[in-house]
Structure formats: C-alpha cells, structure tokens
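J.: What follows is a predicted structure for the sequence shown.
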Amino acid sequence: TPPGAGLCSLPRPFRPFPHPPRGGLCSEAGRTREASAGAVRERPMAARRPSEGGGDGVLPQKVRRQIHDVRSGRSTVLELDSDLKRLSQAAMEAFAEELQQLQTLTLLDLTENNLRGPGGEAVILATSHLHSLEVLFLINCGLTSREGIHVAQALSNLRRLKSLWVSRNDLDDDSAAALSEAVR
C-alpha cells in the first residue's frame, strides 16, 4: 500500500454520503453555522448552546439525532466526521455506550476524531459489538501503533466488515498488517 493511501477495498469513485446534510451544525473558521429549512444563521462559537457541546458529558444534538435515526431504523449510517473532536472523555464514553447498541449499523465514519485516551479506547472497543458493520472510516483519528492493534482486535470478530479506511494515522507495519488481517 502506498504511503498515505490507507487500507481500502472500495472501488473508486466512492461517495458514501451523496446527500447534503439535513440541517445540523458544523464548524468553520471559529464560527458555528446552523442550517435549517434552507436558512443559514451564523453565530460565534462561544455562543453555542450547551446541548451542542460535549464538554460536560452530553453528546451533541447532531450525534444524538443520528443515533436515534439508526435505532429507529431510518438509517444504517453514522457519519461523525470530526463531531467528536471537542468531546470530553465522559462524553466519549457515553458515545461508546450508545454505539455498542447500534446492531444495524453498516457504515461508521469517525474521520478526524481523536481516538486516543480512555474515551477513544472505549469507542474502539464498542465497534466490536457492531456485527452488521461493513465500512469503517478512521481517517486522521490520531491512531498510533497501540490504537491500531486495539482496532484490529476489536474488528477481528466482525465478519461483514468489507472496508477499513485508516489513512493519515501514525501506524507502523505491524499494526497495519493486523488491521489488514482483521478485514479479511
């Protein structure tokens, strides 16, 4: 595998999320933009509502909404591209508890979320319960060799996993080989 290419078995071009986001919150240049009913309002990050945060152990509203959609059968996809970045360890652990109960999840995107520390390890361990998972994105998640081995161990029992994306992490040859073996 060429450097930076990651482990991947999906044909190109692959667009897992062809739809535009439905409302929700995103962060750009120190501001929060809220989209709803076609209107976009911007406000400084400091003015975020507590329910949007995660520093106090509460999951952001966007994350809770997606978890609800998976639980209710409206979706089998959890797209959390950098949504967990600013969460406290308590919020990460709360997310891990929610995650392990999502048995119908087929695609999980944790791109650009820091999965180091106890909260990240709890999230990695929770993936071992996702028996319907087919695609997992862990791009730029701060994974080192240690976390890479934990991910490989967590994913070793997931028989439906077809694709694992781990580019832009600090993995050594041993952890990359263990991850490759976990996807086979």
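T.: Cool, the structure landed. All values derive from a computational prediction rather than experimental measurement.
J.: can you pull the contacts of Leu108?
T.: The contact partners of Leu108, taken as Cβ atoms under 8 Å, 6 or more residues apart in numbering, are Val77, Leu78, Leu80, Leu99, Thr127, Leu130, Leu133, Val135, Leu136, Phe137. Yep, even glycine has a C-beta here, placed from its N, CA and C like the rest.
J.: Show me these that map onto helices.
T.: Judged by DSSP state H, the contacts of Leu108 include Leu99 as members of helices.
J.: Single out whichever of the contacts of Leu108 has the smallest pLDDT.
T.: Within the contacts of Leu108, Leu80 has the lowest pLDDT, namely 90.
J.: That one: how many residues sit nearby?
T.: Residues near Leu80, counting by other Cβ atoms under 10 Å, number 22.
J.: Please tell me I have it right and it contacts Asp109.
T.: Yes: applying Cβ atoms under 8 Å, one finds Leu80 in contact with Asp109, separated by 6.2 Å.
J.: how about the strands in the chain?
T.: Here the chain has its strands, by DSSP state E, at 24-28, 31-36, 39-44, 77-79, 107-109, 135-137, 163-165.
J.: Ranked by average pLDDT, which of these falls at the bottom?
T.: Note on the strands of the chain: strand 24-28 shows the lowest mean pLDDT, a mean of 34.
J.: now the helices: where do they sit in the protein?
T.: Using DSSP H, the helices found in the chain span residues 61-71, 89-99, 117-126, 145-155, 173-183.
J.: so where's this structure uncertain?
T.: Flagging of the chain using pLDDT under 70 yields the residue ranges 1-57.
J.: just to revisit the earlier point, how about the helices of the chain in TSV, adding mean neighbour count?
T.: Output for the helices of the chain, formatted as TSV (neighbours: other Cβ atoms under 10 Å):
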stretch	mean neighbour count
helix 61-71	17
helix 89-99	19
helix 117-126	19
helix 145-155	20
helix 173-183	16
